[in-house]
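In: Need the 3D shape of this:
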Amino acid sequence: MPKSISHYQITGTLGEGGMGIVYAAWDERLNRAVALKTIRANISDPAATERLRREARAAARVNHPNICQLYDVGTEDGQFYIAMELLEGEPLVSRMAEGPLPLQEAATITLSTLSALEALHRHSVIHRDLKPSNIFLTPHGVKLLDFGLARPLDEQDVQLTTPGMLMGTPRYLAPENLLGQSGDHRGELFSAGVVLYEMITGQ
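Out: The predicted structure is shown next:
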């Protein structure tokens, strides 16, 4: 784990994936805690960096209380990073592991998620990976996370995957997405319905 990246002092690791690492960090310029998302140093695939750039562009378009706020983007020694709001709480997937949610709680989470999606769609952004692990429950409400697959509809869609590869998590995708069609905001309403069903039934 690096000690710092640019003016961000690394204080811990929040999560790791195949493509990158999310650190907890301290912004030494503004004296605040942030989450710092980076590409793994040993990855040279330009598409990985472009995904992170696209995530930053998509998140920067929308300012909404149910969307994780983007603070900063930058490059340090060739490594691209984005700094964002550091959240307290747990992902919805952890809450669902305890069993089905009460109907009122599930409905409240769904309405907040739909509010975030509506804001994205109003700014011509499709999230494309709506699922419980990307819905974060904080003491102050729901936050939608992870715009790595998001696509601004008015930008040229850079080919970042191989032909035939599904964009998103199959169990939450609308039928047209599973058939390889690009889809639009209606597919995300389908995904929200799947998440609601799973919250209520536990399956």
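In: show me where pLDDT drops low in this protein?
Out: Applying pLDDT under 70 to the chain flags residues 18, 40-45, 148-168, 182.
In: Please repeat the previous calculation with a cut-off of 90.
Out: 1-2, 15-21, 37-63, 73-82, 123-129, 145-171, 173-187 (pLDDT under 90).
In: And the strands in it?
Out: 4-5, 8-16, 20-27, 32-39, 70-76, 79-85, 90-91, 125-126, 135-138, 141-144, 151-152 (DSSP state E).
In: Give me whichever of those strands is most buried.
Out: Across the strands of the chain, the average number of neighbours (mean count of other CB atoms under 10 Å) peaks for strand 125-126, which reaches a mean of 24. C-beta coordinates here come from the backbone N, C-alpha and C atoms, glycine included.
In: Would you confirm that residue 39 contacts residue 79?
Out: Yes: counting by CB atoms under 8 Å, residue 79 is a contact partner of residue 39 at 6.4 Å.
In: mind checking which of the strands of the chain is nearest residue 97?
Out: With CB to CB as the criterion, residue 97 lies closest to strand 90-91 of the strands of the chain, at 9.7 Å.
In: What strands line up against the closest one, and which way round?
Out: strand 135-138 (antiparallel) (DSSP bridges).
In: what does the strand it pairs with rub up against?
Out: 68, 87-92, 95, 109, 113, 142-145, 195 (CB atoms under 8 Å, 6 or more residues apart in numbering).
In: Please repeat the previous calculation with a cut-off of 10 Å.
Out: Here strand 135-138 makes contact (CB atoms under 10 Å, 6 or more residues apart in numbering) with 66, 68, 85, 87-96, 105, 109-110, 112-113, 116, 142-146, 192, 195, 199.
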